[in-house]
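K.L.:
build me a model from this:
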Amino acid sequence: MIKRSVKPTAKKTVTQPQPLFIFSNLATTLDGKIGPADRSFFLLGTKADHEQMQVLRREADAIFMGASTLRTFKQFCKVRGVATPKQPMNVILSSKLEGISPSWDFFKDPGLRRTFFVSPKAPAAKVKALQKTSEVVILNPLKGKSTTAQCLEHLQECGIRRLLVEGGGGVMWDFVSENLIDEYHVTLTPRILGGADAPTLVDGKGFNPPDLVNLKLSQCRVVGDELFLIYRKIT
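P.N.:
Residues are numbered from 1 along each chain as shown. Purely as a prediction, here's the structure:
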């Protein structure tokens, strides 16, 4: 009998996506508001704050925002002086694509990367219209994962490593409620807006005191009358 040697089958190596580093950047008034109650276009910070925003955007692979933020600004979140292919992807969370128009400046440059995360309830006609310029991902409510978790899983598969969250308050709550943000950049401006219905740094349901998120102050910088704060997650 001839014995044949059998080579052992090589084990397949499964490459795990690298973990995301998630950081946020928002300017807020002294009373914690990020914009007026009517959600109209309004820049809180000074030139120094706008320059800081550019620095942070330059460090990001993608910028995440809610539909309300897109409806307010209607423009692509860009980095000045960076070529189109290297601009960070803009990621929008919008359940039903309400009030979003393909005619906005946001959609005009075909070379920019856009991803929309929507629910199965988003109208098919709106989804089809956006697919001409953007990637549209329909989230699965039966998947057993939160909306945010599904978004992050997809972004990791797309090679995103550094994700910048720019609001608004509802999206911030989605991330904060799961303690997903590693680093918070907050510009405290010397202004007071007031208004019970004005959006805040973090909206949503809110925490009970035993469950709130505690952070560690990493940096405090004074520029004029503004405070530039960096808080980090306590691990």
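K.L.:
where does pLDDT dip in this structure?
P.N.:
Applying pLDDT under 70 to the chain flags residues 1-17.
K.L.:
could you pull up the residues touching the residue most central in space within it?
P.N.:
By CA atoms, centre = their mean, the chain has its centre lying nearest to F64, at 2.1 Å. The contact partners of F64, taken as CB atoms under 8 Å, 6 or more residues apart in numbering, are 91, 93, 151, 163-166, 171. For every residue, glycine as well, the C-beta is placed using N, CA and C.
K.L.:
again, only using 10 Å
P.N.:
22, 24, 77, 88-93, 115, 117, 148, 151-152, 155, 160, 163-167, 171-172, 174-175 (CB atoms under 10 Å, 6 or more residues apart in numbering).
K.L.:
looks to me like it is in a strand.
P.N.:
Yes. Per DSSP: H, G, I helix; E, B strand; the rest coil, F64 lies within a strand segment.
K.L.:
quick one on the thing from earlier: return the subset of the contacts of F64 lying in helices.
P.N.:
148, 151-152, 155, 171-172, 174-175 (DSSP state H).
K.L.:
same question for the helix or strand that contains V55: list its buried residues.
P.N.:
Using DSSP states H and E, V55 falls within helix 47-58. Neighbour-count burial for helix 47-58, with 16 or more other CB atoms under 10 Å as criterion, is recorded at 49, 52-53, 56-57.
K.L.:
can you put those residues in TSV and add distance to E183?
P.N.:
Shown next, in TSV, are those (distance: CB to CB, whole Å):
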residue	distance to E183
D49	17
Q52	13
M53	15
L56	10
R57	14
